[in-house]
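Asks: Sequence plus the predicted model coming up.
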Amino acid sequence: MLIVFALCLCVLCAFQWVRESHLRAEIEKLNKTVYKNKEAIQNLEATIKRGEAEITRLDALKNELIETVRTNRQEILTLTKYSEKLEKEAEASKAQINVYKDAIEKANDNLRKQNESIKQQNEQLKQLAEDRNAAVEKYNKAVEQYNELVKQFEKFQQDVQKQQQPNKSQQQPSK
C-alpha cells in the first residue's frame, strides 16, 4: 500500500507540477497582458495629455480667433460708418458740383452775352470812329475851303486897299 500510496503521491505531485506549470504559463500570460495593458494605459495617458495640450492650444487659438472676429466686426462697423459718411459726402459733393456746373454755365452764358455786346460796341465804336474820321475830313476840307476863302478875301481886301490907296493919294492933293 505504500507503493500505491507513493504512486498516488507521485501522480499527485506530477498533477500538481503540471497544474503549476499551466498556472505559471497562465500567470506569465496574465503578466504579459498586464504589461501590455499598462503600456497601453501609459500610451493612452500620453495621448490624453497630448490631446489635452492640443485642446488647450486650440482653445487659446479659438479664443484668439474669437477676439480677432470681434475686433474685425468692430472695424467693419467703423469702416461701414466711415464708408456711409464718405458716400454722403460724395453725394453732397456731386450735388455741389452740379450747382457749380449750373453757375459756370450761367456765367459762361453771361460772358458770351457780354462778349457779343462788346463785339457790337466795338463795331459801333469802329463805325463811330469812321463817322468821326469822315466828319473830321469834311471839317478839314471845310476849314481848308474857309482858309482859302479867307486868303482870297484878304487878298481881295489887300487888292481893294491897294486900289484905294492910289485913289486916296490922288484925292489928297485936292484937299
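Replies: Ah, there it is. Numbering: from 1, shown residues only.

Asks: Next, give phi and psi for Ala53.
Replies: Here is the backbone geometry of Ala53 (degrees, to the nearest 10): phi -60, psi -40.

Asks: Give me the neighbour count for it.
Replies: Neighbours of Ala53 under the rule other CB atoms under 10 Å: 10. In short, each C-beta sits where N, CA and C put it, glycine included.

Asks: Please apply the same query to the one 3 residues further on.
Replies: Close neighbours of Thr56, defined as other CB under 10 Å, add up to 10.

Asks: Is it within a helix or a strand, and which one?
Replies: helix 2-171 (DSSP states H and E).

Asks: now that helix, how far from the centre of its chain.
Replies: Chain-centre distance of helix 2-171: 2 Å, with CA atoms, centre = their mean, to the nearest Å.

Asks: That one - contacts with which helices or strands?
Replies: With contacts taken as 3 or more CB pairs under 8 Å, 6 or more residues apart in numbering; DSSP states H and E, helix 2-171 sits against no other helix or strand.

Asks: tell me the mean pLDDT over it?
Replies: The average pLDDT within helix 2-171 is 92.

Asks: Would you check how far apart Ala103 and Gln96 are?
Replies: 10 Å (CB to CB, to the nearest Å).

Asks: can you check Ile3 too?
Replies: 133 Å.

Asks: With neighbour numbers in mind, choose between these two.
Replies: Legend: neighbour count by other CB under 10 Å for Ile3 and Gln96, higher for Gln96 (10 against 7).

Asks: Could you check how far the more buried one is from Thr71?
Replies: Applying CB to CB to Gln96 and Thr71 gives a distance of 36 Å.

Asks: just Ala90 next, same as before
Replies: Look at Ala90 and Thr71: by CB to CB, they are 28 Å apart.

Asks: Ok, Arg24 next?
Replies: For Arg24, the distance to Thr71 - CB to CB - is 69 Å.

Asks: likewise Ser21?
Replies: 73 Å.

Asks: With Ala129 instead?
Replies: From Ala129 to Thr71 the distance is 81 Å (CB to CB).

Asks: before we move on, what about Gln152?
Replies: Taken as CB to CB, the span from Gln152 to Thr71 is 114 Å.

Asks: go on, Lys81?
Replies: Distance from Lys81 to Thr71, by CB to CB: 16 Å.

Asks: again, but for Leu23
Replies: 69 Å.
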